[in-house]
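*Asks:* I need the structure of the sequence given here:
(chains A and B, ligands or ions: 2)
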Amino acid sequence: MELVCIVCPVSCNLEVVMEDGKIKEIKGAGCKRGVKYAEEETICPKRTLTTTIRTTDNRMVPVRSDKPLPKDRVFEVMEKINKVKCVPPVRIGDIILEKVYEDVNIIATRNIG
Amino acid sequence: MQTKDLVIIGGGPAGMAAAVSAYGKGIRDLLIIERDESLGGILQQCIHNGFGLHMFKEELTGPEYAWRYEKMILDLGIPFKLNSMVVDISKDKVITYVNEEEGEVKIKAKAIILAMGCRERSRGALNIPGTRPAGIYTAGTAQKFINMMGLMVGRQVVILGSGDIGLIMARRMTLEGASVKAVCEIMPYSSGLARNIVQCLDDFNIPLKLGHTVTKIHGKDRLEGVTISKVDENRRPIPGTEEYTECDTLLLSVGLIPENELTKGMGIELDGSTRGAVVDQNRETSLEGVFSCGNVLHVHDLVDYVSEEAYIAGEAAARYIKGERVKNNNISVTASDNVSYVVPQRITSDKEKVKIYFRTKNELDNVQIIVSDCENVVYKAKRRKTKPGEMEYVTMAEDVLNNIKGNEISLKVIGE
Ligand SMILES: Cc1cc2nc3c(=O)[nH]c(=O)nc-3n(C[C@H](O)[C@H](O)[C@H](O)COP(=O)(O)OP(=O)(O)OC[C@H]3O[C@@H](n4cnc5c(N)ncnc54)[C@H](O)[C@@H]3O)c2cc1C
Ligand code: SF4
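*Replies:* Ligands and ions are numbered 1, 2, ... in the order given. You can find the predicted model right below:
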């Protein structure tokens, strides 16, 4: 299987060699994180989600998931996020929504005074 | 008139990093002037992650990256003015800015760092035939509307141009419930990062139409659809390949242009390829004591390189102010075969190694990079692959610089 590593902008071309439904070898990774990515991408692809949440006084707080989420859960989590508003002030790193999926939290990425 | 040792125009990542680095070299009488209501520049609207891998060895979002520098500025107590627009800079370094409280203010500076960033090419520069309905935005404008103002710009979207901002916006609009019908790219390759094609298009099954462009715009008041055509190898639409696609929104992601109106006003020499100033290894322009860095100098794909360049400019400005800047050389650097531009375009000292940044014109494999003076090859390097969308660099050590004959070197690239 051919993959492009998305962990960093180098975008290495990875090749995952499978044998009997298991990963035998991962070629082309420029670093260890690429190997981990290829493993995950083969078993359960994950992505960091970034979006915004509105404050009660109608400003936008940029947020992200503090860990990568399974790719097929992204829209589910978006729905949860779009249902809430948060009360300012918000500090960078504050948890805005707890445990949106398993142990993944949604955190603020900017101070909104 | 007020005076300052150093005034920095623009409080984006370039301006902030330049200020931090000049401060680190002992400059205390400095000021950042920013027209927006906060520091951070364009990063504040780039809410996605992928910033800072080189600088901080972490994957940050745009606002998080901006905050790292904003915090340094606040902790060091570096002064900045917000909501203040620089409207003129004279050749003798008098800066005029305007804001609501103070009206028009003039400051005379010993040194200036230009860090005004870039703006997007808009449709005017593109000339697509058809009507001029509402619903056509540059990708960056749409990014600002959605991420900063919380306004959704449309429901059915076509994106023209596959630069990173367009790819990021394809995903952003999809997450917010829009249907992105296609991303059209006139070239046979995308100028965006491969990682963005995977995580912004492939993840959502958004088609990337390489070698296609929008040839007509339909709709009276609001956009109703576009005609998409295939192009030939000369980028001319092929008759008979037209396809109509219904959409209420067209996003243009067709490139960025350094914002150099102020630079032009000062009579500074510009480079026709980068559309930024011609600079030496210190990022000093043709006007002594005026430096330029970040996207105003040339368009960077990674903010990490913007910060790196700003450090160079900040330190050099500090040396200039303290009278410690050395100029003992004047070698011009030119782009040759397959190279679209080089920065810096001049080397004025052989005391320190110099990194020459460049972009190639085409996607190439098994690449050889060759730097020659009037007689010999002075430097050679290899790369597995180069892409126009990804900036490259070579580092020329002091001994290489010392051995250059004549006053010109050229950089060329050979590949398959
Ligand atoms: C729409 C858009 C989206 C982008 N998205 C990405 C991305 O996703 N990832 C990435 O790595 N890079 C992205 N870039 C590139 C990004 O711009 C650079 O990585 C980086 O932000 C450039 O930093 P800068 O400080 O040079 O410019 P900017 O961030 O543009 O900052 C320039 C600052 O100067 C201020 N300014 C300009 N003129 C004046 C004036 N006359 N008076 C006072 N202040 C002034 C502006 O308000 C601004 O704050 C994007 C660029 C654009 C235009
Ligand atoms: S393998 Fe390592 S170097 Fe290559 S893209 Fe992935 S993270 Fe970057």
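*Asks:* all helices for chain A, in order.
*Replies:* A:32-43, A:74-83 (DSSP state H).
*Asks:* in a markdown table, list these along with mean pLDDT and distance to ligand 1.
*Replies:* Just so you know, the C-beta spots here come from the backbone N, C-alpha and C atoms, and that holds for glycine as well. What follows is those, written out as a markdown table (pLDDT from 0 to 100; distance: least, CB to the nearest ligand atom, whole Å):
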| stretch | mean pLDDT | distance to ligand 1 |
| --- | --- | --- |
| helix A:32-43 | 91 | 19 |
| helix A:74-83 | 95 | 19 |
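*Asks:* quick one: closest of those helices to ligand 2.
*Replies:* Nearest to ligand 2 among the helices of chain A is helix A:32-43; the distance by CB to the nearest ligand atom comes to 2.2 Å.
*Asks:* can you give the contact residues for the helix or strand of chain B with the lowest mean pLDDT?
*Replies:* The least trusted helix or strand in chain B, going by mean pLDDT, DSSP states H and E, turns out to be helix B:194-196, with a mean of 87. Residues outside helix B:194-196 that contact it (CB atoms under 8 Å, 6 or more residues apart in numbering or on different chains) are A:4-9, A:11, A:13, B:50, B:164, B:167-168.
*Asks:* domains in chain B, by residue range?
*Replies:* Chain B breaks down by automatic domain parsing into domains covering B:1-120+B:255-325, B:122-254, B:329-416.
*Asks:* repeat that for chain A.
*Replies:* In the recorded assignment (automatic domain parsing), chain A comprises A:2-43, A:50-108.
*Asks:* can you tell me the element the residue nearest to B:Glu243 when sequence neighbours are not counted falls in?
*Replies:* Closest residue to B:Glu243 apart from its sequence neighbours, by CB to CB, 6 or more residues apart in numbering or on different chains: B:Ile228 at 5.2 Å. Using DSSP states H and E, B:Ile228 falls within strand B:225-230.
*Asks:* that strand packs against which elements?
*Replies:* Contact here means 3 or more CB pairs under 8 Å, 6 or more residues apart in numbering or on different chains; DSSP states H and E; on that basis strand B:225-230 packs against strand B:212-218, strand B:243-246.
*Asks:* partner strands of the shortest one, parallel or antiparallel?
*Replies:* What it means is strand B:243-246. strand B:225-230 (antiparallel) (DSSP bridges).
*Asks:* what about stretch B:208-217, distance to the chain center?
*Replies:* Relative to its chain's centre, stretch B:208-217 lies at 25 Å (CA atoms, centre = their mean, to the nearest Å).
*Asks:* using CSV, write out every CA atom in it.
*Replies:* Taking C-alpha atoms only, stretch B:208-217 is exported to CSV below (Å, rounded to 0.1, in the frame of the first residue of the first chain):
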residue,chain,number,x,y,z
LEU,B,208,-8.6,17.3,-7.7
LYS,B,209,-8.8,18.1,-11.3
LEU,B,210,-5.3,18.7,-12.6
GLY,B,211,-4.9,20.4,-15.9
HIS,B,212,-8.4,22.0,-15.6
THR,B,213,-9.5,25.6,-15.2
VAL,B,214,-12.7,27.6,-14.8
THR,B,215,-13.5,29.1,-18.2
LYS,B,216,-16.9,30.7,-17.5
ILE,B,217,-18.8,32.1,-14.6
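*Asks:* before we move on, back to that, and the contacts of helix B:194-196 as JSON lines, adding distance to ligand 2?
*Replies:* Below are the contacts of helix B:194-196 laid out as JSON lines (distance: CB to the nearest ligand atom, whole Å):
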{"residue": "A:Val4", "distance to ligand 2": "8"}
{"residue": "A:Cys5", "distance to ligand 2": "3"}
{"residue": "A:Ile6", "distance to ligand 2": "7"}
{"residue": "A:Val7", "distance to ligand 2": "4"}
{"residue": "A:Cys8", "distance to ligand 2": "3"}
{"residue": "A:Pro9", "distance to ligand 2": "7"}
{"residue": "A:Ser11", "distance to ligand 2": "5"}
{"residue": "A:Asn13", "distance to ligand 2": "9"}
{"residue": "B:Gly50", "distance to ligand 2": "11"}
{"residue": "B:Asp164", "distance to ligand 2": "15"}
{"residue": "B:Leu167", "distance to ligand 2": "16"}
{"residue": "B:Ile168", "distance to ligand 2": "18"}
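*Asks:* I'd like those residues laid out as CSV, including neighbour count and pLDDT.
*Replies:* Converted to CSV, the contacts of helix B:194-196 look like this (neighbours: other CB atoms under 10 Å in any protein chain shown; pLDDT from 0 to 100):
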residue, neighbour count, pLDDT
A:Val4, 20, 89
A:Cys5, 25, 90
A:Ile6, 24, 84
A:Val7, 20, 83
A:Cys8, 19, 77
A:Pro9, 19, 71
A:Ser11, 21, 80
A:Asn13, 15, 89
B:Gly50, 25, 89
B:Asp164, 24, 91
B:Leu167, 28, 96
B:Ile168, 24, 97
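*Asks:* can you tell me which of those is nearest B:Leu201?
*Replies:* Taking CB to CB as the measure, B:Leu201 lies nearest B:Leu167 of the contacts of helix B:194-196, at 6.4 Å.
*Asks:* the inter-axis angle of the helix or strand harbouring that closest one versus helix A:74-83?
*Replies:* Applying DSSP H and E as the criterion places B:Leu167 in helix B:164-175. When axes from the mean of the first three to the mean of the last three CA atoms, to 10 degrees is applied, the directions of helix B:164-175 and helix A:74-83 differ by 80 degrees.
*Asks:* residues making contact with helix B:164-175?
*Replies:* Residues contacting helix B:164-175 (CB under 8 Å, 6+ apart): A:49, A:51, A:74-75, A:78, B:46, B:48, B:120, B:139-140, B:142-143, B:146-147, B:153-154, B:157, B:159-160, B:180, B:183, B:190-193, B:196-197, B:199-201, B:203-204, B:206, B:249, B:251-253, B:301, B:389.
*Asks:* list only those of those residues flagged as buried.
*Replies:* Those of the contacts of helix B:164-175 that meet the buried threshold are A:49, A:51, A:74, A:78, B:46, B:48, B:120, B:139-140, B:142-143, B:146-147, B:153-154, B:157, B:159-160, B:180, B:183, B:190-193, B:196-197, B:199-201, B:203-204, B:206, B:249, B:251-253, B:301, B:389, by 16 or more other CB atoms under 10 Å in any protein chain shown.
*Asks:* ok, back up a step: just checking, which of the contacts of helix B:194-196 belong to strands?
*Replies:* Counting by DSSP state E, the contacts of helix B:194-196 place A:4, A:13, B:50 in strands.
*Asks:* right, and the first one touches A:Leu14 too?
*Replies:* Read that as A:Val4. Yes. Assessed by CB atoms under 8 Å, A:Val4 is found in contact with A:Leu14 at 7.1 Å.
*Asks:* which residues are in contact with both of those two?
*Replies:* Between them, A:Val4 and A:Leu14 share no contacting residue under CB under 8 Å, 6+ apart.
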